[in-house]
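**Q** Model the structure of this input:
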Amino acid sequence: MTLDLPLAPPDSRLSLAPRWLLPAALAVVVFVSGCATTAQPEAPRTGDATTSAPATPPPPSLPSYHLPSNVPLSDIATATSSTSPYNVATLDAPADLWDRIRRGFAMPDLQNELVIDREQWYATRPDYMQRMTERSSRYLFHIVEEIEVRNMPMELALLPFIESAFNPQAVSSARAAGMWQFMPATGQSFDLKQNAFRDDRRDVLASTRAALDYMQQLYNRFGDWHLALAAYNWGQGNVNRAITNNQRLGKPTGYTDINMPAETRLYVPKLQAVKNILARPQAYNATLPLIGNHPFFDTVTLQRDMDVALIARLAEVNERDFRALNPSLNQPVVMAAGTPTVLLPWDNAVIFLRNLQTYSGPLASWTAWVVPTTMTAAQAASRVGMSESMLREVNNIPPRMQVRAGSSLLVPRSETRNTDVPVHVADNGHISFAPEVVLRRTVVKARKGENVTQLANRYGVSAVSVAGWNKLAVNSALKTGQSIALMLPQRARGAKASTAASSSNKKQAVTKSTRKQAAAKPTKTTKQPTKARVASTSSKKPVKKKP
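**A** Numbering: from 1, shown residues only. Okay, here's the model as predicted:
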């Protein structure tokens with residue numbers, strides 16, 4: 001395409017400019033003209049349906065542009081942060097996930113002696129830092145993604161380093177559990193289910209969602225990320241009271257100003273120390289494992305209950321690795337009604353779906369059974385056709401404990417129990433226990449005119465049980481003095497014996513006390529008036545007080 005550029009007249013200002021400006025001026029005119037030129041449509045072909053379309057009118061002619069002679073041109077150079085008043089974000093993709101995390105730091109830095117102390121603590125434990133960062137590689141990408149979606153500070157992605165060292169199975173002495181260390185009550189308030197079959201406080205997706213929801217709630221309340229972190233560790237009520245106390249005394253109410261326990265006082269310095277080390281690992285002689293800026297796992301939806309061992313086999317992963325991605329599952333089976341999705345390594349998720357399409361065997365060998373009445377572990381095991389030891393192991397039944405009615409036990413599937421676990425059991429299944437009463441065979445004597453039912457009522461046991469123990473009919477009459485075997489609670493017999501012993505001790509104590517009083521009784525000399533006589537005398541002759 002040829003451009004006809006209008007030439008300036010000899011007396012124009014362009015002729016007064018130096019000769020080296022002429023090529024530059026021409027280049028600018030060409031650039032501006034090219035930017036303003038509208039592309040012409042292709043000429044229609046003969047016989048085309050578009051031949052009847054009207055032709056596009058030519059663009060208007062462009063005016064001439066002249067460079068002023070009094071404005072010098074500066075050399076082209078690359079702007080730096082020191083010469084430019086604006087911070088220009090780089091468009092380069094992060095080199096790895098650590099780089100992506102560093103770019104998202106947004107909290108104000110905390111600088112004090114506690115931060116320096118924690119920096120030294122972490123820097124002098126490279127093995128611990130290595131294990132902790134390697135463990136985080138499974139979960140960190142998902143956490144970073146969720147934080148970016150919410151536009152929250154990326155420092156929060158480092159919080160599991162402080163809470164649990166990125167161990168989703170961690171449990172504190174106060175019963176806080178999971179990567180984000182949720183207490184049972186706090187977890188329930190954020191819809192983290194905790195039942196006999198799973199604990200969502202350990203679930204990677206659910207606990208991350210709940211933790212970020214909680215942090216957003218705390219920040220909205222306090223308006224300060226350091227105070228929000230203190231409330232996450234200490235409780236928002238405690239932080240609010242500490243702030244109120246400082247306000248009453250006219251003191252500042254920042255994180256470093258309020259009174260708090262030593263653990264909370266170190267909480268933000270720990271996070272700041274980890275942030276500093278990850279931001280400049282070379283300065284602390286630290287080596288970070290490479291974590292790619294891509295997903296580690298993918299979610300897979302289950303339509304039916306499946307054994308954990310089968311899922312791992314079809315996905316071609318180790319069962320231990322599967323549980324590391326699905327730490328909320330504490331049973332050998334995944335119940336689709338309660339846990340419809342599981343996490344698998346990214347490539348293995350595709351392998352699992354492919355192998356599942358060609359698999360034709362049974363998917364689950366376990367199901368849930370709701371205990372109809374309170375019974376011992378031996379009775380429950382006999383009812384479902386498994387050994388008592390296995391029933392106790394699978395369901396964590398402690399010794400000398402009965403299983404209460406309504407408890408949900410994991411049992412093997414059978415012809416009569418071969419369906420998937422319903423949603424109300426999968427979501428709300430629980431196990432409760434009662435102390436197991438030890439029964440002892442005791443022989444008693446029947447009274448005159450007594451039958452089996454009357455004797456059973458006298459000892460507080462079932463007439464059907466008494467009849468079964470003695471091979472009698474329920475309405476059988478008994479002879480006077482007839483021996484009847486009963487299974488009575490050992491605890492009741494012990495309590496009766498202790499009661500008898502207690503009454504015997506009381507009698508002995510009374511006897512000893514009487515003997516002591518008799519030994520201490522003075523010898524009769526003169527007759528002393530009794531209290532009643534003294535009272536009677538004083539009532540007849542009241543004593544007048546001297547003025």
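
**Q** just so I have it, where are all the strands in this protein?
**A** In the chain, the strands defined using DSSP state E lie at 297-301, 306-307, 333-334, 341-345, 366-370, 401-403, 408-412, 433-435, 439-445, 483-489.

**Q** Contacts for the last one next, please.
**A** Pointing back at strand 483-489 there. 437-446, 452, 455, 459, 461, 465-466, 469-470, 478 (CB atoms under 8 Å, 6 or more residues apart in numbering). Any C-beta I mention is one placed from the backbone N, CA and C, and that applies to glycine too.

**Q** Could you pick out the buried ones from those residues?
**A** Neighbour counting by 16 or more other CB atoms under 10 Å classes 446, 452, 455, 461, 466, 470, 478 among the contacts of strand 483-489 as buried.

**Q** returning to what we had before: kindly compare burial across the strands of the chain and name the winner.
**A** The highest average neighbour count among these, using mean count of other CB atoms under 10 Å, belongs to strand 333-334 at a mean of 26.

**Q** ok, residue 422 to residue 293 distance?
**A** Between residue 422 and residue 293 the distance, using CB to CB, to the nearest Å, works out to 42 Å.

**Q** likewise residue 239?
**A** 35 Å.

**Q** same thing with residue 120?
**A** Taken as CB to CB, the spacing of residue 120 relative to residue 293 amounts to 30 Å.

**Q** what does residue 441 give?
**A** Using CB to CB, residue 441 is found at 72 Å from residue 293.

**Q** between residue 239 and residue 293, who's got more neighbours?
**A** More neighbours surround residue 239 than the other of residue 239 and residue 293, with 25 against 15 (other CB atoms under 10 Å).

**Q** unless I'm mixing things up, the more buried one is touching residue 227, no?
**A** Yes. Residue 239 is in contact with residue 227 according to CB atoms under 8 Å; the separation is 6.1 Å.

**Q** what pairs with residue 177 across the strands?
**A** Beta-bridge partners recorded for residue 177 (DSSP bridges): residue 171, residue 182.

**Q** got a list of what it touches?
**A** With contact taken as CB under 8 Å, 6+ apart, residue 177 is in contact with 170, 171, 187, 199, 201, 202.

**Q** Compile these into CSV and extend it with columns for distance to residue 340 and pLDDT.
**A** Conversion of the contacts of residue 177 to CSV gives the following (distance: CB to CB, whole Å; pLDDT from 0 to 100):
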residue, distance to residue 340, pLDDT
170, 26, 96
171, 26, 94
187, 20, 97
199, 17, 97
201, 18, 98
202, 17, 98
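
**Q** which one of the residues you listed has the most neighbours?
**A** residue 201 leads the contacts of residue 177 on contacts (other CB under 10 Å) with 30 neighbours.

**Q** measure it to residue 209 for me?
**A** Here residue 201 is placed at a distance of 12 Å from residue 209 (CB to CB).

**Q** for residue 388, same thing?
**A** From residue 388 across to residue 209, the span is 40 Å (CB to CB).

**Q** do the same with residue 273
**A** From residue 273 over to residue 209 the distance is 27 Å, taken as CB to CB.

**Q** quick one: which of the two has more around it?
**A** The neighbour comparison of residue 273 against residue 209 (other CB under 10 Å) goes to residue 273, with 25 against 17.
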